[in-house]
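> sequence-free structure coming up:
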């Protein structure tokens, strides 16, 4: 992996506080701005929502956030009044530990098992340790990344650097994936830091648009978590001219897409990352919904698992997405092979298509559904028996 | 199994015409009314819709239907213009074979592999054979049932008899399930016959309401088929008084529920039939959507597979169903054990709950989501590695 471009104005740490059962696994992370920074966030829309989400989303957008404290190993979800108190206490412990003022705030994220109260003594010790090991740069950034992981098989980080008139802007993001083990509810967490100067409203808009085309367009099995959180922190060091804002937004979108794709790429038991590109829909939202419906079909997923060019499953999933499609203009390409066009099956070399699926970790589905301008891309993982084994293990 | 109550006025047959690859497997069925009968239907809402569905749904409701001809082994779906011609030809062959008049019509259903043209010679031979073996009564009814099956592990039939003032009304239904093998798209087909006197409009309304609470509330993996068809044929022998109509409708609803439940009970690889009862929603439609969302969660399914009382997966699925719930009033019972109440985890004997899941083929989930009157029940199957193996086998 090439070196990460870690923006100025932040320190990071990740330590092991004994919350996870595995010895020495990092489970408390801090991402701390040297000064109060601009913060924006996107959160799960689940009505059953974890306490740290309720707490953090009430604080953003803002210009007075000092950072984020994150624990893995316990989601602090479905924990009622006590859970809310614990989330607030966790934030306040971290804010105090890093010398934050009363008018500053600390965001909080949790991921891991649902329905258990946070082990507050371990959380407190972890925050103290994490505070004393805060550092700048890539190694510290990666330590923080390790601290937010649960069942991830690999670290998920991305960075970008953009030359602007007033200097170079760096952007770095970390994410944890939506794998499950036993009773642990998956939680997608992601934090992006940048040294650009951003207003809270600019940060909010930019992040929401980027999320809509990245984290909101991935799935593993489509079970929406109680804890999903994505935040953007800006340390406000490098000025962005008005005419540069759209480039910065594009960079953030691409960074988020690359980060987000790593999540289904690391889906439990996954042997394929499936990219589903829908074009020709009436609107982008229609295209998104059609791509999502295909992505959530167990029959589509298992066909890809088996290297089976089973186009009937794909076009029929598009047909029940609840958005208009024109069957007579529907065209399906699988890894570039045309399997269905104008409502009719096309002759194709099934062995060659199967071989192309089997020989690559990535599968692409291109589906045209009409003559509209709406297009969207969704990423998902295939479905293997290993996923079922993982998630049906009795562990409560 | 107790004897079926097969209504008067119909003859049935099921024969082997060599459409399925398995030798001697029945694959052409006829259900024929002695006289033109009342017919109503409910069909898939998939925009990618098979030719026989397009053909049959244009003919109902009606008073001049002579019956249904069904083949298994080929879905006649995604077959374009030729598929439409084949469906019509198949219907006309059957209508002529049973001596139907020009002003009468024949419904047609197909189930099996997608994207291949119907083998019309075999279809024609099958119709001829089926016509010559038409008979009344249970054995013939069961032969017809066998002819519509694809990957079903067992026959799905139900019947009822209701004493009315003018005589006894019988009602008998057959269905085939939504299992998949290799490239075969699942198709739910069901036919219910009765000797009650029904107007087309009464039949249509009664069937739609029954379907909404039965076939529309089951799922295996939630992939909507291109061929789903449910029809009701009434031979108009026994008069139904106005005040008896609601009892007849209730009987039809219960028959349809019992028939529909057999489909997830026979889901591929399924080891549990999961009954999800949602109460306290604002409307029945909200309750339906919440129950459906829980049913479609792979995480809920795999938890039941593993005997894991993982209530966090269930309540979080309810939370993303897109319908209002009141977390502070949410209460979850699993097989009668209270696991979550008023937004807080409840102490419970995890071993006892697990044992109750493992020791029974049926699992019940009772979820209260607020104080409204809306309630609905959904039935689904659990998710096993066997399902994944079946559906990822390379078979094209």
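Perfect, thanks for sending it. Keep in mind the model is a prediction, meaning the values are calculated, not measured.
> which residue packs closest to residue A:252, ignoring adjacent ones?
If the residues on either side of it in the chain are set aside, residue A:252 comes closest to residue A:210, at 4.7 Å by Cβ to Cβ, 6 or more residues apart in numbering or on different chains. C-beta: built from backbone N, CA, C; applies to glycine.
> just say helix, strand or coil for the one you found.
Following DSSP: H, G, I helix; E, B strand; the rest coil, the label given to residue A:210 is helix.
> again, but for residue A:117
Assignment for residue A:117 (three-state DSSP): coil.
> list the buried residues for stretch A:22-35?
Within stretch A:22-35, the residues that count as buried by 16 or more other Cβ atoms under 10 Å in any protein chain shown are A:25, A:26, A:27, A:28, A:29, A:30, A:31, A:32, A:33.
> chain center to it: distance?
Centre-to-centre, stretch A:22-35 and its host chain are 18 Å apart (Cα atoms, centre = their mean, to the nearest Å).
> that one spans what distance, first to last residue?
Start and end residues of stretch A:22-35 are separated by 35 Å (Cα to Cα, to the nearest Å).
> show me where the stretch 151-300 of chain A has helices.
Counting by DSSP state H, counting those that start in this stretch, the stretch 151-300 of chain A has helices at residues A:200-212, A:245-265, A:284-295, A:298-305.
> tell me which of the ones you listed sits most buried.
helix A:298-305 (a mean of 28; mean count of other Cβ atoms under 10 Å in any protein chain shown).
> mind checking how far it is from the chain centre?
22 Å.
> relative orientation of that helix and helix A:284-295 in degrees?
With axes from the mean of the first three to the mean of the last three Cα atoms, to 10 degrees defining the directions, helix A:298-305 sits at 70 degrees from helix A:284-295.
> elements contacting the helix or strand just after helix A:298-305?
Under the assignment DSSP states H and E, the closest C-terminal helix or strand after helix A:298-305 is helix A:311-319. Contacting helix A:311-319 under the criterion 3 or more Cβ pairs under 8 Å, 6 or more residues apart in numbering or on different chains; DSSP states H and E are the following elements: helix A:284-295, helix A:298-305, strand A:331-334, strand A:337-341, strand A:362-368, strand B:184-185.
> per-stretch mean pLDDT over those, give me the minimum one.
Taking the mean pLDDT of each of the helices and strands packed on helix A:311-319, the lowest value is held by strand B:184-185, a mean of 42.
> who does whichever strand or helix holds residue A:91 touch, helix- and strand-wise?
Element membership for residue A:91 (DSSP H and E) is helix A:80-97. Judged by 3+ Cβ pairs under 8 Å, 6+ apart, the packing partners of helix A:80-97 are helix A:51-57, strand A:62-74, strand A:105-113, helix A:120-132.
> same thing but 10 Å
Contact partners of helix A:80-97 among helices and strands, from 3 or more Cβ pairs under 10 Å, 6 or more residues apart in numbering or on different chains; DSSP states H and E: strand A:28-43, helix A:51-57, strand A:62-74, strand A:105-113, helix A:120-132, strand B:344-345.
> would you mind finding the most buried of the ones you listed?
Comparing the helices and strands packed on helix A:80-97 by mean neighbour count (mean count of other Cβ under 10 Å), strand A:105-113 comes out on top with a mean of 28.
> what is the mean pLDDT for that one?
Across strand A:105-113, the average pLDDT comes to 95.
> ditto for stretch A:343-360
Throughout stretch A:343-360, pLDDT has a mean value of 93.
> what do you get for stretch A:255-270?
Mean predicted lDDT for stretch A:255-270 stands at 90.
> ok, that stretch near chain B or not?
Yes - applying Cβ under 10 Å from any Cβ of the partner chain, one finds stretch A:255-270 touching chain B at residue A:269.
> hang on, residue A:177 packs against residue A:150?
Yes - using Cβ atoms under 10 Å, residue A:177 is in contact with residue A:150, at 8.0 Å.
> which of the two has more residues huddled nearby?
residue A:177 (28 against 24; other Cβ atoms under 10 Å in any protein chain shown).
> got the contact list for the more buried one?
Residue A:177 sits next to A:149-154, A:156, A:186-190, A:218, A:220, A:260, A:262-268, A:381 when contact means Cβ atoms under 10 Å, 6 or more residues apart in numbering or on different chains.
> which residues touch residue A:371?
Counted by Cβ under 10 Å, 6+ apart, residue A:371 has contacts A:279, A:280, A:281, A:282, A:326, A:329.
> 7 Å instead?
A:280, A:329 (Cβ atoms under 7 Å, 6 or more residues apart in numbering or on different chains).
> residues near the closest residue to residue A:294 other than its chain neighbours, how many?
Once flanking residues are discounted, residue A:294 sits nearest to residue A:317: 4.5 Å by Cβ to Cβ, 6+ apart. Using other Cβ under 10 Å, residue A:317 is surrounded by 26 other residues.
> and for residue A:335?
The burial count for residue A:335: 19, using other Cβ under 10 Å.
> and if you look at residue A:351?
Considering only other Cβ under 10 Å, residue A:351 is surrounded by 12 other residues.
> follow-up on the earlier one: which residues does the residue nearest to residue A:294 contact?
Applying Cβ under 7 Å, 6+ apart, we find residue A:317 in contact with A:293, A:294, A:297, A:300, B:223.
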